[in-house]
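> Below: sequence and its predicted model.
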Amino acid sequence: MQLYLPIAEVSVNLILLLGVGTLVGILSGMFGVGGGFLITPLLFFMGIPPAVAVATGANQIVASSVSGVMAHLKRRTVDLKMGTVLLAGGLVGSAAGVALFNYLKEQGQVDLLVRLAYVVFLGVIGGLMFVESLRALRRSKSGARPKRRSHVWVHGLPFKMRFRASGLYISAIPPLLVGAAVGVLAAIMGVGGGFIMVPAMIYLLGMPTKVVIGTSLFQIIFVTGFTTLLHATTTRTVDIVLALALILGGVVGAQIGAVIGARLRAEQLRILLATLVLAVCFKLALDLFLTPDELYVIARAG
């Protein structure tokens, strides 16, 4: 069953779109990531223009993240205070990211930027996560306790706040900077930024894994929602028909993912996420080097 997308100006299979939305929703509930790192490349592979994929992918992330947060709120695994601090930085970052996206779109370089950004960020983050996850699995099998990270430089920063749900008393500056970085990524790459935020919350801020996923999703909701609004009003690349099809699958998938994630150990979740990130990175990098089927494309000048 083919569905015509008016903004993207292409026809795609509706069942395939629903399946992609469901898959990303499951990932959202399992790992605390919005799923944009996967959904945007998958839309590339389906022939959706990168500018439309980025803006519309952020829209779907809002729906799946809301569904995932509801499941985690019931389990009381969301640090709302930490999420609010991350959100403050995220809103500033997303505004800056959309401004940069608009500039590059006018220069005709946005498609290349998005693809290269995915390859670089997914490769670095996926590699670091995979190595750390393997170490954690080995420690758990040997029964050795992980060495506690002191983060002396983090504890020495001013503007300290107490985050009771996470059991932390740290400066608000690192969460603000992490949130801002995620906001920029949300605007340029169409991601919620969970694949950056989750490792940063665990390894940089020292948050316990049990509250990381829900807190990440809480911040993602508002940052991606704000980013979608900015894209819709400035770049006009949000395809509502595409977004609705992805949302239908994403909401259901997030509930399934939250149930699956609750049954897996933290080390298993991290190594699964790292493997998935590296697989998507490899496919995107391969597409950059392979010769396309159509070397030239005729398009109407805007």
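Received the coordinates, thanks.

> just the helices in the stretch 201-302 of the chain please.
Taking DSSP state H, counting those that start in this stretch, the helices of the stretch 201-302 of the chain run over residues 209-234, 240-262, 266-289.

> tell me the angle the longest one makes with helix 266-289.
For helix 209-234 and helix 266-289, the angle between their directions (axes from the mean of the first three to the mean of the last three Cα atoms, to 10 degrees) works out to 30 degrees.

> The shortest one now?
When the same axes, to 10 degrees is applied, the directions of helix 240-262 and helix 266-289 differ by 150 degrees.

> The host helix or strand of residue 137 packs against which elements?
Using DSSP states H and E, the element containing residue 137 is helix 110-142. Under the contact definition 3 or more Cβ pairs under 8 Å, 6 or more residues apart in numbering; DSSP states H and E, helix 110-142 sits against helix 36-45, helix 50-74, helix 80-107, helix 173-189, helix 194-199, helix 266-289. Where you see a C-beta, it was placed from the backbone N, CA and C, and this is true even at glycine.

> The ones you listed: which one's closest to residue 126?
With Cβ to Cβ as the measure, helix 266-289 is the member of the helices and strands packed on helix 110-142 nearest residue 126 (3.5 Å).

> Now do the contacts for residue 119.
By Cβ atoms under 8 Å, 6 or more residues apart in numbering, the contact list for residue 119 reads 281, 284, 285, 288.

> What sits closest to the first one if chain neighbours are left out?
Put plainly, it is residue 281. Nearest residue to residue 281, sequence neighbours excluded (Cβ to Cβ, 6 or more residues apart in numbering): residue 122, at 3.7 Å.

> Now do residue 18 against residue 65, distance only.
According to Cβ to Cβ, to the nearest Å, residue 18 and residue 65 sit 18 Å apart.

> got the contact list for residue 215?
Here residue 215 is in contact with 32, 78, 79, 80, 82, 83, 86, 165, 166, 201, 207 (Cβ under 8 Å, 6+ apart).

> Same question for residue 278.
Here residue 278 is in contact with 122, 123, 126, 127, 130 (criterion: Cβ under 8 Å, 6+ apart).

> Buried only: go through those residues for me.
Among the contacts of residue 278, those classed as buried by 16 or more other Cβ atoms under 10 Å are 122, 123, 126, 130.

> any idea how far the second one is from residue 284?
Applying Cβ to Cβ, the value for residue 123 to residue 284 is 9 Å.

> hmm, back to that, between the contacts of residue 278, which is nearest residue 176?
Checking the contacts of residue 278 one by one against residue 176 (Cβ to Cβ), the nearest turns out to be residue 122, at 24.4 Å.

> mind checking how far that closest one is from residue 205?
Residue 122 is 22 Å from residue 205, by Cβ to Cβ.

> cool, and residue 236?
The value you get for residue 236 to residue 205, if Cβ to Cβ is used, is 37 Å.

> Which of the two has more residues huddled nearby?
residue 205 (22 against 11; other Cβ atoms under 10 Å).

> low-scoring pLDDT stretches of the stretch 101-250 of the chain, where are they?
109-110, 143-156, 190-195, 235 (pLDDT under 70).

> How many neighbouring residues does residue 2 have?
By other Cβ under 10 Å, 8 other residues sit near residue 2.

> Ok, residue 48 next?
24.

> pretty sure it is in a helix, no?
No: checked against DSSP: H, G, I helix; E, B strand; the rest coil, residue 48 lies outside a helix; its state is coil.
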